[in-house]
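Novice: One predicted model, sequence on top.
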Amino acid sequence: MKKTTKNRTKKQQYARVQPKRNMSKKKKRKKKSKKKSGCGPIILILLLVIAVFLAIWFVPWGNIGDIFKGMAPAQKDTVEKNNPRESILHGGNVSNIIPNAAYKMYLQQLNGDDFSNVEAIYENVSSFNKSFQLPFQVDEEKISCYMSLLHYDCPELFQIDGSYQSLTKGFGSTTSSIEISPNYIMDKSEYDKCYETCKKEIESICNKLKNENDLVKEQSCYEYIIEHSTYKIDTKYSGTAYGVFGEHQAKCDGFSFAMKWAMDYLEIPCVLVAGDPKSGGIGHAWNSIEIDGAFYDVDVTAEVSGFTDEDKPIMYSAFNVSKSWIRSLYNIRNELTTITQVPGKDSMDHSYHYLNNTYVEKGKLDWDVINKSYIEEIDAGRKFSIQFEDASDMETFKQSYFSEMPGVTSGCTYLTDYKTVCLL
């Protein structure tokens, strides 16, 4: 939103012709005016002192210089935007400590004291402080939420893994305080090098997209990560954005952090979502991204294979899908719902397949429509993929496409959970 500033014209001063008066009265007036004008400099000095006092008082930690002391590159490189684009989750929190705070959509939901505590954690982690206390006392459960939300919302803080140790100091509810010791997975010198690598990679991806609309920006980043990464679960930094931008090997949380960081850079509201399978097993992470005023789920990991293959198809099986598309398979983790909400819209109206007429609603399998879409995709030089609302329709397609689609002789690959088929 642009700020409009109106130029105010200074009032012109007009000389006034004073009537003649007797000298005694005139002298009295001069003495009076001198007394009056003598207060001006004193008042100005007092106002200046008050202004300086207030400036120091309202800056965190009581010292303006401390804001810049020991900052990590992530803090120095980003200029805080006080007037971000409107978002349904934007809470108006502005920060001199957390870069791009307007697009940290979990942190935007926090109240004043909670947000101040998170700022304190961010500053201490950026400075690689081994232990520290928070400005506002809270219980252990809230600290756990703070660490998780900060970890999910700030992919640039990949020097920590979100875990921590805590030590309660003092006794009694009014005197005790908790000392926090984050778990660092790299030292500052290594972090600075890795950060610069990520920064250059993100800039090379995103700067060319500045004039595109949000949907094109989002899809381009989605495709880039898929095409330049392989799935690897056992590397040291596979769970970080550096795993994607630096090593091009990552697992689900690494891909989700990378997508989050790219969206932050492009100023598109985005959150990382984490959940545990309802059927049991290893947890999973994905994103929810705001497009045209609503959040849709995006799972980059679903498209990334465990090997490098330039011809591997992108099926768009979980690109801007309804929140129930992925979340029906997972239980969202408690730390994301204790003091915040996870955004999402229950609609497929911005999914890749819906917009490209390759999304089949339940019971509406139409071979004429499918053949028309197939020809359009092939003529455009793309592999044909199709998505189904209902699993039984997907099975019917897999069994019948050879006979119903003239000229198709290739096999197919498919994702059962996301009900998507791609012809090879």
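Specialist: Now that the structure is in, tell me what you want to look at. Treat the numbers as computed from the prediction; the structure is a model and nothing was measured.
Novice: contacts, neighbours, all on C-alpha from now
Specialist: Will do.
Novice: Report pLDDT for the closest residue to Ser177 other than its chain neighbours.
Specialist: Once flanking residues are discounted, Ser177 sits nearest to Lys169: 5.2 Å by CA to CA, 6 or more residues apart in numbering. What the model reports as pLDDT for Lys169 is 74.
Novice: cool, Thr308 as well?
Specialist: pLDDT, read off for Thr308, is 56.
Novice: ok, now how distant is Met405 from Leu272?
Specialist: For Met405, the distance to Leu272 equals 39 Å [CA to CA, to the nearest Å].
Novice: which of these two has more neighbours?
Specialist: The residue with more neighbours, out of Met405 and Leu272, is Leu272; 26 against 15, by other CA atoms under 10 Å.
Novice: That one bridge partners, please.
Specialist: Asn287 (DSSP bridges).
Novice: my read: it touches Met263, true?
Specialist: No. Assessed by CA atoms under 8 Å, Leu272 is found out of contact with Met263, at 11.0 Å.
Novice: Any stretches of the stretch 301-424 of the chain with poor pLDDT?
Specialist: The stretch 301-424 of the chain contains residues with pLDDT under 70 at 306-311.
Novice: scratch that, the stretch 151-300 of the chain
Specialist: Applying pLDDT under 70 to the stretch 151-300 of the chain flags residues 170-176.
Novice: Can you show me the helices along it?
Specialist: Secondary structure of the stretch 151-300 of the chain (DSSP state H, counting those that start in this stretch): helices at 188-206, 214-227, 241-245, 252-265.
Novice: list the contacts for Leu272?
Specialist: Taking CA atoms under 8 Å, 6 or more residues apart in numbering, we find Leu272 in contact with Tyr152, Asp153, Ser256, Phe257, Lys260, Ala285, Trp286, Asn287, Ser288.
Novice: could you redo the last one with a cut-off of 6 Å?
Specialist: Residues in contact with Leu272 (CA atoms under 6 Å, 6 or more residues apart in numbering) are Tyr152, Trp286, Asn287.
Novice: can you list the residues you listed in CSV and add distance to Ile339 and neighbour count?
Specialist: Formatted as CSV, the contacts of Leu272 follow (distance: CA to CA, whole Å; neighbours: other CA atoms under 10 Å):
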residue, distance to Ile339, neighbour count
Tyr152, 14, 26
Trp286, 20, 26
Asn287, 19, 24
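Novice: Can you tell me which of the residues you listed comes closest to Glu218?
Specialist: Lowest distance from Glu218 to the contacts of Leu272 (CA to CA) belongs to Asn287, with 11.4 Å.
Novice: From Ser181, how far out is the closest one?
Specialist: According to CA to CA, Asn287 and Ser181 sit 28 Å apart.
Novice: same thing with Tyr414?
Specialist: From Tyr414 across to Ser181, the span is 45 Å (CA to CA).
Novice: What's the biggest strand in this structure, counting residues?
Specialist: Counting residues, the longest strand found in the chain (DSSP state E) is strand 160-169.
Novice: And that one, what does it pack against?
Specialist: Under the contact criterion of 3 or more CA pairs under 6 Å, 6 or more residues apart in numbering; DSSP states H and E, strand 160-169 touches helix 140-153, strand 177-184.
Novice: In TSV: those, plus distance to Ser328.
Specialist: What follows is these, written out as TSV (distance: least, CA to CA, whole Å):
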stretch	distance to Ser328
helix 140-153	21
strand 177-184	32
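Novice: quick one: which of these is nearest Asn357?
Specialist: Checking the helices and strands packed on strand 160-169 against Asn357 by CA to CA gives helix 140-153 as the closest, at 33.7 Å.
Novice: The closest one vs helix 252-265, what angle?
Specialist: 70 degrees (axes from the mean of the first three to the mean of the last three CA atoms, to 10 degrees).
Novice: Helix 140-153: which residues count as buried?
Specialist: Under the neighbour-count criterion of 16 or more other CA atoms under 10 Å, helix 140-153 has Ile143, Cys145, Tyr146, Met147, Ser148, Leu149, Leu150, His151, Tyr152, Asp153 buried.
Novice: Which among the helices and strands packed on strand 160-169 is found nearest to Thr340?
Specialist: That would be helix 140-153 among those, by CA to CA, at 8.9 Å.
Novice: Against which helices or strands is that closest one packed?
Specialist: In terms of contacts (3+ CA pairs under 6 Å, 6+ apart), helix 140-153 is packed against strand 160-169.
Novice: so what strands line up beside the strand it packs on?
Specialist: Its sheet considered, strand 160-169 pairs with strand 177-184 (antiparallel) by DSSP bridges.
Novice: quick one: Leu424 from Lys383, how far?
Specialist: 7 Å.
Novice: can you check Tyr164 too?
Specialist: As for Tyr164, its distance to Lys383 is 46 Å (criterion: CA to CA).
Novice: now swap in Ala120 and tell me
Specialist: As for Ala120, its distance to Lys383 is 49 Å (criterion: CA to CA).
Novice: Same drill for these two, tell me which one is more crowded.
Specialist: Neighbour count, other CA under 10 Å: between Ala120 and Lys383, Ala120 has more, with 21 against 17.
Novice: In a helix, the more buried one, correct?
Specialist: Yes. Checked against DSSP: H, G, I helix; E, B strand; the rest coil, Ala120 lies within a helix.
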